[in-house]
Every structure is written in structure tokens, then in C-alpha cells.
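Colleague: need a structure here:
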Amino acid sequence: MVINGGELLGLFTNTKVAFYPIDTKNVSKAKPKATGIVTSSTFTNSVLT
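Modeller: Numbering: from 1, shown residues only. Below you'll find the predicted structure:
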């Protein structure tokens, strides 16, 4: 999956990411809808697996 966020937002190779519902107020108590790891990134985009 490619997302519109990259190195300018701190997303570098091997960064772990999680996706939550848009109305989530406390991520420490919420379960993510999906997770992934950045496999490559540019200044503005990242590829996740």
C-alpha cells in the first residue's frame, strides 16, 4: 500500500505504523484497524507492507 506521507512526516524505512478509525480519541486504549511497516519512502510517500 502507498500512503501520502513520507520522510517529511518522519516515516522512514522500518517505521511501524497503525491505522485507527477517524474518531479515535485515545490510541493507547484503541485497537488499530490495520498495521504495517514502511518498506521504502520518499519525501512525500511511503510504501507499506
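
Colleague: ok, which stretches of this protein are strands?
Modeller: 2-3, 16-19, 34-41, 46-48 (DSSP state E).

Colleague: of the ones you listed, which is nearest Val27?
Modeller: Val27 lies closest, by Cβ to Cβ, to one member of the strands of the chain: strand 16-19, at 7.4 Å. All C-beta spots, glycine's among them, are computed from the backbone N, C-alpha and C.

Colleague: please identify the most buried of the strands of the chain.
Modeller: For the strands of the chain, the largest average neighbour count (mean count of other Cβ atoms under 10 Å) is found in strand 46-48, namely a mean of 20.

Colleague: what packs against that strand?
Modeller: Other helices and strands packing on strand 46-48, by 3 or more Cβ pairs under 8 Å, 6 or more residues apart in numbering; DSSP states H and E, are strand 2-3, strand 34-41.

Colleague: as CSV, the strands of the chain with mean pLDDT would be great.
Modeller: Formatted as CSV, these follow (pLDDT from 0 to 100):
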stretch, mean pLDDT
strand 2-3, 96
strand 16-19, 96
strand 34-41, 97
strand 46-48, 98
